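Participant: pasted the sequence and its predicted model underneath.
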Amino acid sequence: MKTVQVPQCQVGEDVMFSNDNKTWYLTCMGSNKVIVGDRATDRVIRIIDVPKYPHGIAVHNGIDRLLVASTGKVLSTHKVTQKPSPAGDAPVEILFVPRSNPPVAYITNMYGGTLSAAVWDPTKKDFNVRQAFDFAPHKAGVPLEMYFNKGADRFYVTTAKPGHFHIFDISSDPTQPKLLKTLPAAEGAHHVAFTKDWRYAFVQNSLLNLPGMSDGSITVIDLKTETVIGSIDTLKNEGFNPNSMVLLPEWNDLAGH
């Protein structure tokens with residue numbers, strides 16, 4: 001392991017790679033920048049100033065677009081809600097649906113409790129954004145992270161309050177995800193690590209030490225049976241709240257990231 005110096009980055013959040021694996025992009029929530037780096041040399045090649053608190057990031061080289069979600073104000077001209085501004089819905093993560101045609105990107109709206117779909121319009125070379133799912137009727141709030149299985153017909157979303165792992169069917173139309181099952185996790189359900197054999201998912205349960213969203217445990221899910229089979233409380237018992245979690249390369253599946 002080695003340390004890559006990014007002096008203009010404060011509170012580094014998400015990292016994504018270009019399709020050819022030659023370039024990496026890092027969002028910096030504290031300094032309002034996206035750092036662009038060369039994968040071969042790990043040198044910073046560009047710094048992009050963006051609106052407040054950049055968080056989620058998605059790359060699509062096929063249409064030459066880099067999408068960045070902000071928890072501060074509306075990005076560009078695209079709104080993720082029909083509420084008047086400032087709506088305060090707080091878009092958090094953004095992720096392209098693998099192999100979708102036309103390209104579709106999902107956005108989780110933390111305080112809005114909804115999922116938006118941004119559909120690429122090739123005629124105007126821009127996105128049409130609309131609501132794709134509302135978590136409120138399912139008694140779930142604060143949607144955060146998103147993942148896909150290898151076939152890109154299953155879509156997974158975590159909600160932090162009171163803490164769930166949701167399984168969707170997107171095989172027929174990614175703009176209209178169908179909820180298949182909701183599994184209980186714990187308060188603050190956030191990042192998920194998937195094994196390469198697609199047998200297990202590990203849900204990290206904590207969000208920035210926020211009240212009611214800081215359980216500190218790791219929920220273990222059997223993806224074959226789609227059931228919760230256990231909880232890892234090692235860090236919780238020591239008084240720690242894990243903020244992020246990635247399995248080592250020999251076991252980790254990127255799950256669409």
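Facilitator: Thanks, I have the structure now.
Participant: ok, residue 45 touching residue 37?
Facilitator: Yes. Taking CB atoms under 8 Å as the definition, residue 45 is a contact partner of residue 37 at 6.2 Å. For every residue, glycine as well, the C-beta is placed using N, CA and C.
Participant: what's the overlap in contacts for these two?
Facilitator: Common neighbours of residue 45 and residue 37, counting by CB atoms under 8 Å, 6 or more residues apart in numbering, are residue 23.
Participant: distance check, the residue positioned nearest the centre of the chain against residue 8.
Facilitator: Nearest residue to the geometric centre of the chain (CA atoms, centre = their mean): residue 145, 3.5 Å. Distance of residue 145 to residue 8, given as CB to CB, to the nearest Å: 26 Å.
Participant: for residue 202, same thing?
Facilitator: With distances taken as CB to CB, residue 202 is found 33 Å from residue 8.
Participant: looking at the two, which one has more neighbours?
Facilitator: Between residue 202 and residue 8, residue 202 has the larger neighbour count (other CB atoms under 10 Å), namely 17 against 12.
Participant: secondary structure class for the most far-flung residue of the chain relative to its centre?
Facilitator: Distance from the C-alpha centroid of the chain, by CA atoms, centre = their mean, peaks at residue 123 (27.9 Å). Assigned with DSSP: H, G, I helix; E, B strand; the rest coil, residue 123 falls in the coil class.
Participant: the helix or strand hosting residue 145 packs against which elements?
Facilitator: For residue 145, the element it lies in under DSSP states H and E is strand 141-148. Counting contacts by 3 or more CB pairs under 8 Å, 6 or more residues apart in numbering; DSSP states H and E, strand 141-148 is packed against strand 91-96, strand 104-109, strand 154-161, strand 189-195.
Participant: give the buried residues for it.
Facilitator: 141-148 (16 or more other CB atoms under 10 Å).
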